[in-house]
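Undergrad: Quick one, fold the following:
(one chain, ligands or ions: 1)
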Amino acid sequence: MKYFFLAYALIAVLFIGLNGFRGDKSSKPPIRLFPDMDEQDKVKGQRPSDFFRDGFGSRKPVAGTIPHSSDDGVFPVEFGEGREGYYYTGRFGDFYGKGMPEELQLTEDNAEAFLRRGEERFGIYCAVCHGESGNGKGTISNYGLAGIANLYDYPAESYPNGRLYDVISHGKGNMSGYGYNIPVRDRWAIVAYVRALQASKK
Ligand code: HEC
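TA: Residues are numbered from 1 along each chain as shown. Predicted coordinates:
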């Protein structure tokens, strides 16, 4: 009999232990063994805050922040992944295009800055191999990479702009593509600069 009561009590304790006082309401704060980060100083989105002098909890983006959306769908920094159109691919259908895409919005006023940008980017990404002047005799040519193209010569010189853009984006032969490193606009700036280099030779 003694064991029966013991077992009975044990089952009762187990039952309450498992199902507990579920559903019961209490106005007392719960017992927290590990408070973790339940309470902390923070600002909730779109709420005011005394912490900042202007009383706004939300801050304006710092100067120079690059937007990740735009009204006309052309982003200042964009790598063209999965996008269509001449600006992103250098092609019209199956053919490479010749001119500069209108998305660049080149004018007489900004063309020089665009070219300077291209010069700077060329110096960063291309000159190690192709040389500052584009003659294919950059530093790397002294360390065994043979066949670096001379950009003044055939065929580079005969390429339409769209094809130059495509080589920068996807590479060619021993040259790997720079599509993941150089944003679309900068690739076009490099194209413009390579064209200027080639013109300087004539
Ligand atoms: C790591 C060295 C390296 C870098 C960096 C490099 N290239 Fe090249 N590039 C090559 C080599 C090598 C070739 C020849 C590829 C082939 O035909 O096998 C080449 C080919 C080319 C061609 C094609 C010429 C032809 O003969 O068809 C163009 C245009 C070109 N590069 C432009 C650029 C531009 C612009 C950049 C900078 C964004 C650049 N390259 C960066 C090594 C490089």
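
Undergrad: For the rest of this, base every contact and every neighbour count on C-alpha atoms.
TA: OK.

Undergrad: and the residue nearest to E103 when sequence neighbours are not counted, how many neighbours does it have?
TA: In this structure, E103 finds its nearest non-sequential neighbour in Y87, 6.7 Å apart by Cα to Cα, 6 or more residues apart in numbering. With neighbours defined by other Cα atoms under 10 Å, the count for Y87 comes to 22.

Undergrad: average pLDDT across the strand or helix carrying Y87?
TA: For Y87, the element it lies in under DSSP states H and E is helix 86-89. The average of the pLDDT scores along helix 86-89 is 94.

Undergrad: Could you check that helix and say which residues are buried?
TA: Taking 16 or more other Cα atoms under 10 Å as the neighbour-count basis, helix 86-89 is seen to contain the buried residues Y86, Y87, Y88, T89.

Undergrad: next one: stretch 107-119
TA: Within stretch 107-119, the residues that qualify as buried by neighbour count (16+ other Cα under 10 Å) are F114, L115, R117, G118, E119.

Undergrad: could I get the residues you listed as TSV with pLDDT?
TA: Shown next, in TSV, are the buried residues of stretch 107-119 (pLDDT from 0 to 100):
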residue	pLDDT
F114	96
L115	96
R117	96
G118	97
E119	97
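
Undergrad: and which of those is nearest to the ligand?
TA: Taking Cα to the nearest ligand atom as the measure, G118 is the one of the buried residues of stretch 107-119 closest to the ligand, at 9.5 Å.

Undergrad: Could you pull up the contacting residues of the closest one?
TA: Applying Cα atoms under 8 Å, 6 or more residues apart in numbering to G118 gives the contacts D186, R187, W188, A189, I190, V191, A192, Y193.

Undergrad: now those as JSON lines including distance to the ligand?
TA: Output for those, formatted as JSON lines (distance: Cα to the nearest ligand atom, whole Å):
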{"residue": "D186", "distance to the ligand": "9"}
{"residue": "R187", "distance to the ligand": "7"}
{"residue": "W188", "distance to the ligand": "9"}
{"residue": "A189", "distance to the ligand": "10"}
{"residue": "I190", "distance to the ligand": "6"}
{"residue": "V191", "distance to the ligand": "7"}
{"residue": "A192", "distance to the ligand": "10"}
{"residue": "Y193", "distance to the ligand": "9"}
